[in-house]
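**Student:** Here's my sequence, what's the structure:
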Amino acid sequence: MSTYLIAYDLIGSDKDYDDLIAKLLEWKGTRILESTWIISNRKESAKVIKNVLKALALDSNDKIIVIQITPDSKYASYNLEAKIRDLL
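**Tutor:** Numbering: from 1, shown residues only. All right, here's what the predicted structure looks like:
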């Protein structure tokens, strides 16, 4: 099982985040920043996760990145809650 960091930008003021957020919540995701989430215990690859989310809410001008977090991943943060840092 893997943990992923997901960040996205939906370009335009008329974007509907509801389906995207519903899927991330269904996957028991944790929102760590406005458009950045962590999901854990996933069997799917980063590419499969990206494709699922893309099909739900992304247009050709939107952006998304899905990064697998491993025990060796290095990061730096500021002002994140302890429960979020524990996911990383």
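**Student:** Does Asn51 fall in a helix, a strand, or a coil region?
**Tutor:** What DSSP: H, G, I helix; E, B strand; the rest coil gives for Asn51 is helix.
**Student:** for it, what are its contacts?
**Tutor:** Asn51 is in contact with no residue at all, counting by C-beta atoms under 8 Å, 6 or more residues apart in numbering. Yep, even glycine has a C-beta here, placed from its N, CA and C like the rest.
**Student:** leaving aside the residues next to it on the chain, what's closest to Leu33?
**Tutor:** Closest residue in space to Leu33, ignoring its immediate chain neighbours: Ala7 at 7.7 Å, by C-beta to C-beta, 6 or more residues apart in numbering.
**Student:** what sits up against the one helix or strand that neighbour maps to?
**Tutor:** Here Ala7 sits within strand 2-9, counting by DSSP states H and E. By C-beta under 8 Å, 6+ apart, the surrounding residues in contact with strand 2-9 are 20, 24, 29, 32-33, 35-43, 46, 49, 53, 58, 62-69, 87.
**Student:** Let me know how buried Ala57 is, in neighbour terms.
**Tutor:** If you count neighbours by other C-beta atoms under 10 Å, Ala57 ends up with 19.
**Student:** again, but for Ala55
**Tutor:** The tally of other residues near Ala55 (other C-beta under 10 Å) stands at 10.
**Student:** wait, is it part of a strand?
**Tutor:** No - the assignment for Ala55 (three-state DSSP) gives helix, which keeps it out of a strand.
**Student:** What distance do you get for it to Asp19?
**Tutor:** Here Ala55 is placed at a distance of 10 Å from Asp19 (C-beta to C-beta, to the nearest Å).
**Student:** Same check on Ser73?
**Tutor:** Applying C-beta to C-beta to Ser73 and Asp19 gives a distance of 28 Å.
**Student:** same deal with Leu53?
**Tutor:** As defined by C-beta to C-beta, Leu53 lies at a distance of 9 Å from Asp19.
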